[in-house]
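Undergrad: need a 3D model of the sequence below.
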Amino acid sequence: MHSMRSRRKVAATAVDGCDSGEKSEQLLLSSAICNGEDLGPFVRKAFASGKPETLLQLLRYFARSKESEIEQVCKAHYQDFILAVDDLRSLLSDVDSLKSSLSDFNSRLQSVAGPLLSSLDSFVEAQNVSNNVNTALQSVTTCIKVIELCLRANHHLSKGSFYMVLKCLDSIENEFLDKTPSSTLKRMLQRKIPEIRSHIEREVNKEFSDWLVEIRAVSRNLGQLAVGEASAARQREEDLRIKQRQSEEHIRFSSRDFVYALQEDDDENDNSGLLGFDLTPLYRAYHIHQTLALEDHFKQYYLENRKLQLTSDFQVSSMTPFLESHQTFFAQIAGFFIVENRVLRTGKGLISKMDVENLWETAVTKMCSVLDDQFSRMQTANHLLLIKDYVSLFGVALSRVGYPVDSLLYVLSKHRDKYHELLLSDCRKKIAEALAADKFEQMLMRKEYEYTMNVLAFHIQTSDIIPAFPYVAPFSSTVPDCCRIVRSFIEDSVSFMSYCGQMDFYDVVKKYLDQLLSEVLDGALLKLINSSVHGVSQAMQVAANIAVLERACDFFSRHAALLSSIPLRTAERSRRQFPLNKSRDAAGDILSGMLKTKVDGLMTLIENVNWMTDEPSQAGNEYVNEIIIYLETLVSTAQQILPTQVLKRVLQDVLSHISMKIVEALLSDSVKRINVNSITGIDVDIQLLESFADNLAPLFSEEGDKVQLKNALAESRQLINLLLSNHPENYMNPVIRERSYNALDYRKVVKISEKLRDPSDRLFGSFGNRGAKSNPKKKSLDALIKRLKDMAHELDFPGCVEVNRRELEILFVYIISSSFAVADDKRLSAYQALQRYDFPVGILPIGVIGYELKRETGEFSAYLSGTTCNFPIDSYQLSYKSTIQGTISPGRITNLKGVSVKFIFFWLNIVEVIHDGDKMEFSVGLASANFPIDNFYESPQCGCGFTCNHLNATVSSI
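TA: From the prediction side, this is the model:
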């Protein structure tokens, strides 16, 4: 310790010898060295200041100071050092002995371990060789596997199996690329794998592009095939409907039971296999892109390309008429969406349902626009029908695969008015041509097939018996020609309305059919009658044609109903009045007019009658004989072609005209006086005419027709009866006048009676020598003339005379009641009485055998043939008692008794019936129900209502 203090003091003294600047640096340097710090900053500072010698001097000074300190330490510990050296020497001796022992042990160890170390070295060397060989084998194996995958990839690539190539590449990348020992091989693989994938992508895209081109051509054929299958299916349906119609027609017109079974073809196969097409390139491309992790990109690429194709399909060529290109246009679109439907169902997400729906909406909008534009330009009904048929088949084909086609069907239905206008225009031209070619000659048929084609085909035969051939029909060739035109119109109309989304279209077809008949055909016949009919034979032939067309109208209505697939009973209920009534009336009028003109020429012979003859004519006057000869000749010809009702109407008009001409002759100013002999001669003339009417009785089946012919002579017959009567003043009796003289005009009676007042005539018998005695017939006639003159005066001046007001009332009663005179002579049936009160006949069933009616109060009683009459109508059960009572007024029946309806489980009495416009209202007291009047145009039959076999059963007159 003492030596240490002395050394520190020496150091301090040395330091004190330096200057203060160097002293501070010396202290810093000593401190850094003692603390083991880095002397680099001192060195850099010394060189930076250009005084490295100072640093060296300081270092030497520090070293000298430390040497002195060491010397002092050594002096202080010298004894310890000597002791330590002694200990070290003893230790060295021990070390030497130990070293000799170790040397002996080392010699023995080396002699033993030498062979062992040589064996260990051999083992280690062998182990290293083995590890190297294993590593080499693993590397070789890896390389072999990589090369095998490469060879397999090349093989699949050469064959175009791109998916297998990609699987090989993925295996190389995931399993071997990082383990490949060869850096050269690894670099080669890293360079080639992306190239191969790019090559595969290009090849797949090329194949997909080729498929897009191919599928467009395939789509057209595919669409045509799908539309063809829809057409074949529709044709099968039509064949079944035809068989059904044939069975219905057979049952309807056959007089014996007949069983007909509709058999659907068993060989109808599913033709869906014909719609096969190859989507392999598409799915292959989609799968490859999925493997390449480009699925979304490919989906977008596919959708964009298909949109472009669809847009291209929408182009309508302006160089080719749409009629020629419409099938290709719609077939291309149909094929497109059939392909998309298959892709949607089997593509596993390649295209979404929303994308397909958007494409379809775009296509429907474009197709509707094209159809609207093309239909607006068309001026031919057949062209419009052809396009409509194909579009409807297009709709059927696509609706089968789930696409909605209501918008397309609406466009078709929207143009039905224009189509029917064009169709009516075409029919108008055809009918005009057919009528213009008419030669007004009866049609000759030499073969049965001609009869079938021209008569049976339209149900215009008058008998079910096939006539002998050659057969001369009562109509001209115009009738079957017009029937064929109308039938074609019905079929075209039904064809257009079918498959347009509207199930019940009979009303539309019936509307245009009525328009065709009532406007086109009726107008054409009316024009023909007014412009081309110049003779009786022509007028008679036209009237006969119209009568046959009247029968054909029933066939047209049934044919439209059958084609529209509605019950015939419904069609018959909706049947309206005869649509050719204008031309029928015109034909009857022109025929009657021509006959009247001919009769007027023959009636000029009445001027040869001697009105003051001394002897009455027993064989009739010349004019009536000529007229009867003419009429008999006319009837013998007319009965071969004219229906009895038409012939009856014409003869009735002619006889009525003859009767009027006879009365006019008696009223003529050229006839100043007449006597009983001339009146008796006129009576003979009228009897001849009445005999002529009686001789026509075999032509008419109903007794009323015969009476109506004779009633046509009522005016002249009643006038002659009055003039030859022993009590002519009975004319003033309202009852007698209504019964026997209801056709007479009192003014004519006055004027003609005055011509018999000449005393020189012998109308009421000859005066003998007792001339002072008055003739009662003469007095009666004078009284009649006076009373009639007084009535005429009061009618002309109603305010001048008050005395004979009662006679005026009687006369007015006569005038009112005279309108019912003919009806009273021929008693109306119960059904006709209903029609008089504005009710349809269908509110009474068939089988009314009589009735009683009080005209003053409207009270009535109707009697049925059985005890009760029950029958169903739709869901109701009606019951009529044998006696039905009530009070009837125009359009209303009250206090009704004897009629009831079953409602659920209860029978309710119908107490009131009201005819309101086109509806019938039935009241059961607290409740009422309305029904269309169309349901009551025909009378139901007891037991079966409207479902009987004979749907056309007629109501017999009472």
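Undergrad: put the alpha carbons of stretch 401-410 into PDB.
TA: The C-alpha atoms that make up stretch 401-410 are tabulated as PDB, following Å, rounded to 0.1, in the frame of the first residue of the first chain:
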ATOM      1  CA  VAL A 401     -88.400 -24.700 -72.600                       C
ATOM      2  CA  GLY A 402     -89.800 -22.200 -70.100                       C
ATOM      3  CA  TYR A 403     -89.800 -18.900 -71.900                       C
ATOM      4  CA  PRO A 404     -92.800 -16.600 -71.400                       C
ATOM      5  CA  VAL A 405     -94.400 -15.700 -74.800                       C
ATOM      6  CA  ASP A 406     -97.500 -13.700 -73.700                       C
ATOM      7  CA  SER A 407     -96.100 -10.400 -75.100                       C
ATOM      8  CA  LEU A 408     -95.700 -12.000 -78.600                       C
ATOM      9  CA  LEU A 409     -99.200 -13.500 -78.400                       C
ATOM     10  CA  TYR A 410    -100.600 -10.100 -77.400                       C
END
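Undergrad: any buried residues in it, and which?
TA: Neighbour counts over stretch 401-410 (16 or more other C-beta atoms under 10 Å) mark 401, 403, 405, 408-409 as buried. C-beta coordinates here come from the backbone N, C-alpha and C atoms, glycine included.
Undergrad: again, but for stretch 116-126
TA: So for stretch 116-126, nothing qualifies as buried (16+ other C-beta under 10 Å).
Undergrad: and that stretch, how far out from the chain middle?
TA: In this view, stretch 116-126 has its centroid 103 Å away from the chain centroid, taken as C-alpha atoms, centre = their mean, to the nearest Å.
Undergrad: over to stretch 359-371?
TA: The answer for stretch 359-371 is 19 Å, by C-alpha atoms, centre = their mean.
Undergrad: now do that stretch, average pLDDT.
TA: For stretch 359-371, mean pLDDT is 90.
Undergrad: now stretch 412-424
TA: In the prediction, stretch 412-424 has an average pLDDT of 86.
Undergrad: show residues contacting it.
TA: Residues from elsewhere that reach stretch 412-424 (C-beta atoms under 8 Å, 6 or more residues apart in numbering): 371, 375, 378-381, 384-385, 388, 391-392, 489, 492-493, 496-497, 500-502, 508, 512, 515-516, 519-520.
Undergrad: out of these, which end up buried?
TA: Applying 16+ other C-beta under 10 Å to these flags 371, 375, 378, 381, 384-385, 388, 391-392, 489, 492-493, 496-497, 500, 508, 512, 516, 520 as buried.
Undergrad: give me the subset of those residues that lies in helices.
TA: 371, 375, 381, 384-385, 388, 391-392, 489, 492-493, 496-497, 508, 512 (DSSP state H).
Undergrad: follow-up on the earlier one: got CSV for the buried residues of stretch 401-410, with pLDDT and secondary structure too?
TA: Formatted as CSV, those follow (pLDDT from 0 to 100; DSSP: H, G, I helix; E, B strand; the rest coil):
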residue, pLDDT, secondary structure
Val401, 86, coil
Tyr403, 90, coil
Val405, 86, coil
Leu408, 85, helix
Leu409, 84, helix
